[in-house]
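Asks: need coordinates for the below:
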Amino acid sequence: MSNFFRSNGFKRFIILVGIAIALYLMRSMINLILLTFIITYLMNQLATKTTAGVRKYVPMNEKAVTVTLYLLLVAGIVAVIYKYLPVVTQQITQLFDLISSFNLDPDDNEIARYLAPTFEKIELGKYLEQGVDITLKNITNIGKIILHIFISLILSLFILLEKKRITEFTAKFKESKIGPLYDELKYFSRIFIRSFGKVIEAQFIIAAVNCVLSVIALSIMGFPHLIALGIMLFILGLVPVAGVIISLIPLSIIAYSIGGLMYIVYILVIVMVLHAIEAYFLNPKLMSAKTDLPIFYTFIVILFSEHFLGVWGLIIGIPLFMFLLDILGVTSSEDELQKATTVHENKQIE
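Replies: Down below sits the predicted model:
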């Protein structure tokens, strides 16, 4: 028992529990913490890659590139709020009206004749009205959300501009009286950035690519309210697997309203093509180091994370689970095969 309590595994478990308790006590600031981390990580990746690309042609300081990217980001946010927020609000309202007024005409075909009574029992309009009420209540906090975003932007900018000094100052704790704690926190931070950060980055890129391709396909099909649909698809795209299934419901309703059952078939084909692009191209490129989760595990993680973390759980549930798997040393078969191959090659060299 004495060896167990002195083991590194037990110490790391206690520290991990302590971190979880600290985050729970700071739960009122969790939006600011998560936004700051996500923005800092994504902007750091973007600034690093942009600087590397620019330096091929012009010598450029990374701090100058970082400040430029932040200025462009802030200008874009302000322009969207000033110019497109009224348009987006109007389109979202019209989109809700279009979906709530949806009804199947039994005279269209045999399938509609059987489905019409079911949709009448569901009372879709009633549920959408409840959804609109909830959305309107959340809109009252729009000022607080915008404030959190701008505070996160400022904090992340300072972190990136002084990341070298921050790293050097933080390293001084290694020789202090809390040196052992510093080593463990550094260990967790390295794994957290490698697993959680990578998965979050991949989710944002995949959601953006799927959103752009979907909007292009929907515009060709003549769908209305493309800006509102694009925002909806991007947000749902951040939710692995479940987001695609959820997005099928409003897309299918709009497709039937403007083109009948044939348009629903088109939507299903588009979703299948996008899913194939994500599964066979984007995921291997962006998330090659992750453990491939079965769909069952994905849904279980999303359900539990949404229950305990709310809306944030839908987005960060899978990255958090990947972080825990990384700590536990759970690897995919590809990782194990690669390790085995490396060991075999080393033995041959010896």
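Asks: which residues touch the residue nearest in space to the middle of the chain?
Replies: The residue lying closest to the centre of the chain (Cα atoms, centre = their mean) is residue 238, at 3.8 Å. Going by Cβ atoms under 8 Å, 6 or more residues apart in numbering, residue 238 touches 203, 204, 207, 314, 315. All C-beta spots, glycine's among them, are computed from the backbone N, C-alpha and C.
Asks: among those residues, which two are most distant?
Replies: Pairwise distances among the contacts of residue 238 were taken by Cβ to Cβ; the largest, 13.9 Å, belongs to 204 and 314.
Asks: out of those two, which sits in the more crowded spot?
Replies: Between residue 204 and residue 314, residue 314 has the larger neighbour count (other Cβ atoms under 10 Å), namely 21 against 18.
Asks: I'd assumed residue 307 was in contact with that one.
Replies: No - Residue 314 lies out of contact with residue 307 (Cβ atoms under 8 Å); the separation is 10.6 Å.
Asks: residue 274: which element?
Replies: For residue 274, the host element (DSSP states H and E) is helix 261-277.
Asks: buried ones in that helix?
Replies: 261, 263, 264, 266, 267, 270, 271, 274 (16 or more other Cβ atoms under 10 Å).
Asks: reformat these as TSV; add distance to residue 41 and pLDDT.
Replies: Below are these laid out as TSV (distance: Cβ to Cβ, whole Å; pLDDT from 0 to 100):
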residue	distance to residue 41	pLDDT
261	44	80
263	39	83
264	38	83
266	37	87
267	34	86
270	31	86
271	29	84
274	25	82
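Asks: and those, which is closest to residue 169?
Replies: Residue 169 has its nearest neighbour among the buried residues of helix 261-277 in residue 274, at 45.3 Å by Cβ to Cβ.
Asks: please name the nearest non-neighbouring residue to the closest one.
Replies: residue 210 (5.4 Å; Cβ to Cβ, 6 or more residues apart in numbering).
Asks: what's the local residue count around the one you found?
Replies: Residues lying near residue 210 (other Cβ under 10 Å) number 23.
Asks: what of the one 4 residues further on?
Replies: The burial count assigned to residue 214 is 24, neighbours taken as other Cβ under 10 Å.
Asks: ditto for residue 146
Replies: When neighbours are defined as other Cβ under 10 Å, residue 146 has 12 of them.
Asks: surely it touches residue 81?
Replies: Yes - Residue 146 is in contact with residue 81 according to Cβ under 8 Å; the separation is 7.4 Å.
Asks: how about low-confidence regions in the protein?
Replies: Residue ranges of the chain with pLDDT under 70: 5, 84-143, 283-292, 331-350.
Asks: got the domain ranges for it?
Replies: Following automatic domain parsing, one finds the domains of the chain at 12-161, 182-332.
Asks: redo the ones you listed as TSV? Include distance to residue 172.
Replies: Shown next, in TSV, are the domains of the chain (distance: least, Cβ to Cβ, whole Å):
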stretch	distance to residue 172
domain 12-161	18
domain 182-332	9
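Asks: most tightly packed of those?
Replies: Most buried of these by mean neighbour count (mean count of other Cβ atoms under 10 Å) is domain 182-332; its value is a mean of 17.
Asks: tell me what the helix or strand hosting residue 318 is packed against?
Replies: Applying DSSP H and E as the criterion places residue 318 in helix 311-328. Using 3 or more Cβ pairs under 8 Å, 6 or more residues apart in numbering; DSSP states H and E, the elements in contact with helix 311-328 are helix 30-54, helix 179-192, helix 198-221, helix 295-309.
Asks: check the offset of it from the chain's centre.
Replies: A distance of 11 Å separates the centroid of the chain from that of helix 311-328, by Cα atoms, centre = their mean, to the nearest Å.
Asks: and stretch 37-53, by the same measure?
Replies: Put simply, stretch 37-53 sits 16 Å off its chain's centre (Cα atoms, centre = their mean).
Asks: likewise stretch 74-83?
Replies: On the basis of Cα atoms, centre = their mean, stretch 74-83 sits 22 Å off its chain's mean C-alpha point.
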